[in-house]
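Undergrad: okay, here's the prediction I keep looking at, along with the sequence it came from:
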Amino acid sequence: MKYTVAEFFSGCGGFSRGFARTGRFNVVLGNDVKAEALKSFAFNHSENGICPSILREDIRTLKVTEIKKALSLRGIGEGELDCMIGGPPCQGFSQMRRTELREEGKVSKFRGYSQLSNDPRNDLVLRYLDVAEALRPKVLLIENVPQMLNHGFDGRLGKLSEIVIDMLEKDLGYSVKVAVINCADYGVPQLRERAVFIATSVGTASFPSTTHANPNDTFSIGNGKLPWVTVGDAIRDLPPPSHILETLGGQDKSIYVGVEGDFAKIMRTSSTFPYNHITRSYRKSVLNIIKEMRPGYTWAAESERMRKNYETIIDLFSRELKISQADARKNLEKNEVINPVFFKNYYWSAYSRLT
């Protein structure tokens, strides 16, 4: 027997895909508003020709009876679903229009409802708890950005998450554990932090031990942790990407180049080369920016470095030709000696390059 999983705000099913890859979970239901995402969800989670139940509708208007009906088709009654997962956007992260279609929901009687319902941006997390109250899954997971835990509400930092925890524990009767995890500490080649709530009605919730650590953390590495998986570990043996959609997709895996790393061996479950190994065709102006960016540095750091270099050049040119620095800069920009884009203030990750 495998544990059953239903995913809400599912997208293409990345969250539930991790559950399925353990071999211990069977994904039985997915809900989202995007047809394309759900098509991928169904493809990713079909097993032995059996597709999960798919519900394409905004969770705020989706009736609980429809969810229960979809689960019953998979032989799952009320209270029998093992795991309900999702990342409902909450205050500060969702600007979607509020709806009052909650005729089947019971969260309104919960002690935290009156506080959260004052802000329409909390509508999705409230509806998620609505569904949880109706389905009574044995384990409930909520995933969000780490800022959720200290997000201000009603004049106090962190109160939003406190209210959610209070509703889970005192109203729904779950035991709850919350932590901010860094996915790199579990072998993912990305420094991605997420706040995770684990609520359970069957025993005590806990988080798995980390398996990886910062390679500079000599204590952890010396005590058996593996160094973080790098982007290079994941993709260094890929052939150059194509500009033409699906040119390489479906070909024999022999087109990989170099040595396949341990992470790549785990992740590559297809017998052929994957589709969508493509890249954009960048304009010369964009390439001229990217080529100046050192791998691993932010736009703030690199633009400051380039401005200092340019200021030196402008000063020398100004004194040599005995012209103003403003005229010197215009001349150097016209002759493409300096790139004016580095004097602009972009978001920190603009044009950044991975280490």
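TA: Yep, that arrived.

Undergrad: report the buried residues of stretch 55-68.
TA: Neighbour counts over stretch 55-68 (16 or more other Cβ atoms under 10 Å) mark 55, 59-60, 62, 64, 67-68 as buried. All C-beta atoms are positioned from the backbone trio N, CA, C, and that covers glycine.

Undergrad: and the pLDDT for residue 212?
TA: pLDDT for residue 212: 97.

Undergrad: follow-up on the earlier one: filter the buried residues of stretch 55-68 down to the ones in helices?
TA: If you go by DSSP state H, the buried residues of stretch 55-68 have 64, 67-68 in helices.

Undergrad: who are the neighbours in contact with the nearest residue to residue 296 once chain neighbours are set aside?
TA: What sits nearest to residue 296 in space, not counting adjacent residues and going by Cβ to Cβ, 6 or more residues apart in numbering, is residue 355, at 3.7 Å. Taking Cβ atoms under 8 Å, 6 or more residues apart in numbering, we find residue 355 in contact with 230-231, 295-296.

Undergrad: thought residue 30 was touching residue 54?
TA: Yes - between residue 30 and residue 54 a contact is recorded at 5.7 Å, counting by Cβ atoms under 8 Å.

Undergrad: for residue 89, give its distance to residue 198.
TA: Applying Cβ to Cβ, to the nearest Å, the value for residue 89 to residue 198 is 19 Å.

Undergrad: same deal with residue 28?
TA: From residue 28 to residue 198 the distance is 20 Å (Cβ to Cβ).

Undergrad: returning to that earlier point: which one of the contacts of residue 355 is nearest residue 44?
TA: For the contacts of residue 355, the residue nearest residue 44 by Cβ to Cβ is residue 231; the value is 23.3 Å.

Undergrad: that older thread, ok, residue 28 and residue 198, which is more surrounded?
TA: residue 28 (25 against 20; other Cβ atoms under 10 Å).

Undergrad: can you tell me the SS state at that one?
TA: strand (DSSP: H, G, I helix; E, B strand; the rest coil).

Undergrad: ok, it - contacts?
TA: Neighbours of residue 28 in contact, by Cβ under 8 Å, 6+ apart: 4-6, 52-53, 71, 74, 76, 81.

Undergrad: which of these sit farthest apart?
TA: 52 and 81 (12.6 Å).

Undergrad: for the protein, just list every one of the helices.
TA: So, for the chain - with DSSP H - the helices run 14-21, 35-45, 64-72, 113-116, 123-135, 159-166, 218-222, 231-235, 262-267, 284-290, 299-321, 325-334.

Undergrad: pLDDT averaged over the third one - what is it?
TA: Averaging pLDDT along helix 64-72 gives 95.

Undergrad: alpha carbons of that helix, as CSV, please.
TA: The C-alpha trace of helix 64-72 is given here as CSV (Å, rounded to 0.1, in the frame of the first residue of the first chain):
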residue,chain,number,x,y,z
VAL,A,64,-16.0,20.5,-1.4
THR,A,65,-18.6,18.0,-2.7
GLU,A,66,-16.8,17.9,-6.0
ILE,A,67,-13.4,17.2,-4.3
LYS,A,68,-14.9,14.4,-2.2
LYS,A,69,-16.5,12.9,-5.3
ALA,A,70,-13.2,13.0,-7.2
LEU,A,71,-11.5,11.3,-4.2
SER,A,72,-14.2,8.7,-3.8
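
Undergrad: please identify the deepest-packed of the helices of the chain.
TA: Of all these, helix 123-135 carries the top mean neighbour count, a mean of 22, counting by mean count of other Cβ atoms under 10 Å.
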